[in-house]
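K.L.:
fold the following.
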Amino acid sequence: MVRAAMSLVEIREADAAPEVATIYAGLRQGVGVAQVNLIWRHAAALPGVLDWLWAQAAPALASGAAAGARDRIAARVAVPALAPVAAPPGVAELIETYNRGNVTNLGVLTAIRLRAAGLAGGSPGATAATGAMLPKPPALPKLADLPPDVATVVQALADRHGLSDASVVPSLYLHLTHWPEVVALLPGLLAPVLSPEGVAAGRDAAVAAAEAEAPGLIAALGPAPAAPEALAGFAPTLALFTREVIPGMVPIGLALTGALRGAG
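P.N.:
Numbers count the residues shown, from 1 in each chain. Got it, this is the predicted structure:
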């Protein structure tokens, strides 16, 4: 899950009208995490786009097809072993929330993007259980509200992703600022994953894994409604999130989980 600075308009969960809130609730249930990814919140602010996405995604989430693809995508993304690190209570659960949300959204949204580009469906993959709902994360801090020294670390971590939209700050980094001592460890701890070569390798592996799952997931999607007018403006953002932003964070989350398990 990621957020941008003011470059992306969004409808936050607390501000959602009833029809949007209903889709948000379905997303939380279908993904198994108690928060909604920014790309969905941004889609909600564009006329017809959230409905267009949800009509396709809902059946794949409900059937377990999305969860099956999630598990296979995560298994195909190899990450370097990080130094074991002990973390305060709540950190492991937060990282798992991001892992589940990011990998599920990467699979489903990649399938939707590629179907819109003309990719045909294939043989459905094995389904899996979504998993029990993970604990609700604490409130997501805003970069501008952080102490300057913490904000500097977060921005530096985001910059190391080399995104084509430099305003995007991965919200896992923001969320972890509830534990400043953990954020202080990240530049050194994540060095193997956040080198230029590591970023490219991890991101490309996640993209390739999601695209390999796309034909089977397309077979599990619901029918696509007529494209809303706002879809043309949304398409580049969908490509950014499914080719750069989300796949760039998948290796980070998986590597952090490995580091926490190693400390156990």
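K.L.:
end-to-end on stretch 224-233?
P.N.:
Start and end residues of stretch 224-233 are separated by 17 Å (Cα to Cα, to the nearest Å).
K.L.:
mind listing residues that contact it?
P.N.:
For stretch 224-233, contacts defined as Cβ atoms under 8 Å, 6 or more residues apart in numbering pick out Leu46, Pro47, Gly48, Val49, Asp51, Trp52, Ala55, Gln56, Ile112, Arg115, Ala116. For glycine as for every other residue, the C-beta is placed from the backbone atoms N, C-alpha and C.
K.L.:
list the contacts of the third one.
P.N.:
I take that to be Gly48. Pro225, Pro228, Glu229, Ala230, Leu231.
K.L.:
which residue ranges of the stretch 1-150 of the chain form helices?
P.N.:
With DSSP state H, counting those that start in this stretch as the criterion, the stretch 1-150 of the chain has helices at 18-31, 38-44, 49-63, 65-76, 91-116, 148-159.
K.L.:
can you tell me what sits against the shortest one?
P.N.:
Under the criterion Cβ under 8 Å, 6+ apart, residues 1-4, 8-13, 16, 20, 23-24, 27, 49-50, 52-53, 105, 109, 171, 234, 237-238, 241, 246 lie in contact with helix 38-44.
K.L.:
which among those residues count as buried?
P.N.:
Neighbour-count burial (16 or more other Cβ atoms under 10 Å) applied to the contacts of helix 38-44 gives 1-4, 8, 10-11, 13, 16, 20, 23-24, 27, 49-50, 52-53, 105, 109, 171, 234, 237-238, 241, 246.
K.L.:
farthest pair within the contacts of stretch 224-233?
P.N.:
Maximum pairwise distance in these, criterion Cβ to Cβ, is 21.1 Å, between Pro47 and Arg115.
K.L.:
what about those two, which has more around it?
P.N.:
Arg115 (19 against 11; other Cβ atoms under 10 Å).
K.L.:
show me where pLDDT drops low in this protein?
P.N.:
1-7, 263-264 (pLDDT under 70).
K.L.:
geometric centre of it: which residue is closest?
P.N.:
With distances taken as Cα atoms, centre = their mean, Asn102 lies nearest the centre of the chain, 2.6 Å away.
K.L.:
and the strand or helix carrying Ala206, which residues are buried?
P.N.:
Here Ala206, judged by DSSP states H and E, is contained in helix 196-220. For helix 196-220, a neighbour-count test (16+ other Cβ under 10 Å) marks 198-199, 201-203, 205-207, 209-220 as buried.
K.L.:
how big is the angle separating it from helix 91-116?
P.N.:
Using axes from the mean of the first three to the mean of the last three Cα atoms, to 10 degrees, the direction of helix 196-220 lies 60 degrees away from that of helix 91-116.
K.L.:
what helices and strands are in contact with helix 196-220?
P.N.:
helix 49-63, helix 65-76, helix 91-116, helix 191-194, helix 246-263 (3 or more Cβ pairs under 8 Å, 6 or more residues apart in numbering; DSSP states H and E).
K.L.:
in JSON lines: those, plus distance to Val33.
P.N.:
Output for these, formatted as JSON lines (distance: least, Cβ to Cβ, whole Å):
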{"stretch": "helix 49-63", "distance to Val33": "12"}
{"stretch": "helix 65-76", "distance to Val33": "11"}
{"stretch": "helix 91-116", "distance to Val33": "5"}
{"stretch": "helix 191-194", "distance to Val33": "22"}
{"stretch": "helix 246-263", "distance to Val33": "12"}
